[in-house]
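In: coords please:
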Amino acid sequence: MSYSDQASKKTIQDQYKRRKENDRRRRPTAFISKFSFIGKRKQNRRKEDKHQDYYIDLYSHKVVGIILLIFIMCIVDSLLTLVLLGRGATEINPIMNYYLMLGENYFLIFKLIFTGIGLLVLLAHQNFKRVFKFIVSICVFYALLISYQITLIIMTM
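Out: Residues are numbered from 1 along each chain as shown. As a prediction, this is how the structure comes out:
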């Protein structure tokens with residue numbers, strides 16, 4: 001074996017060793033990582049992995065739209081709740097009732113911050129089993145709740 005063949009073989013072995021040591025695929029993509037902001041992964045790449053839970057770097061426009069719609073409906077729900085409370089209704093959720101006793105601003109801030117955090121967690125887990133259906137269910141729930149609140153406001157006029 002000539003010197004150039006040995007050097008070539010050693011270079012290939014070194015490349016293999018470096019590649020094996022730094023292989024990012026040995027661990028699944030984390031919930032939040034540097035790739036969350038600069039990554040390109042939109043879906044699992046392997047067909048056999050399609051039925052497993054996985055994180056991605058870029059989120060579906062459809063799911064982001066639904067998440068934003070839920071957040072907007074949360075804001076509307078909060079405002080309609082305050083209107084109903086002004087007309088004599090009571091808050092049945094003990095946690096939200098506690099923040100209402102502290103003041104309307106605390107109620108709004110608490111509700112929006114914790115709803116936003118929950119929605120971000122759901123967005124990050126959009127490709128986990130049943131999470132997308134859960135996101136859609138939340139959207140439907142808020143639509144029904146807002147319809148009910150509007151009905152109550154009309155009935156109290």
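
In: Only C-alpha atoms from now on, for both contacts and neighbour counts.
Out: Will do.

In: What residues sit buried inside stretch 76-88?
Out: Residues of stretch 76-88 classed as buried: D77, S78, L80, T81, L82, L84 (neighbour count, 16 or more other CA atoms under 10 Å).

In: Which pLDDT value belongs to the last one?
Out: The one in question is L84. You'll see L84 listed with a pLDDT of 96.

In: Quick check: which element contains it?
Out: helix 61-86 (DSSP states H and E).

In: before we move on, the earlier item: mind putting the buried residues of stretch 76-88 in CSV, distance to H125 included?
Out: Shown next, in CSV, are the buried residues of stretch 76-88 (distance: CA to CA, whole Å):
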residue, distance to H125
D77, 25
S78, 26
L80, 30
T81, 29
L82, 32
L84, 34
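
In: Give me the below-cutoff pLDDT ranges for the protein.
Out: Counting by pLDDT under 70, the chain contains low-confidence residues at 1-58.

In: need the helices for this protein, in chain order.
Out: 3-21, 35-38, 61-86, 94-102, 104-124, 131-155 (DSSP state H).

In: The last one vs helix 104-124, what angle?
Out: For helix 131-155 against helix 104-124, the angle by axes from the mean of the first three to the mean of the last three CA atoms, to 10 degrees is 150 degrees.
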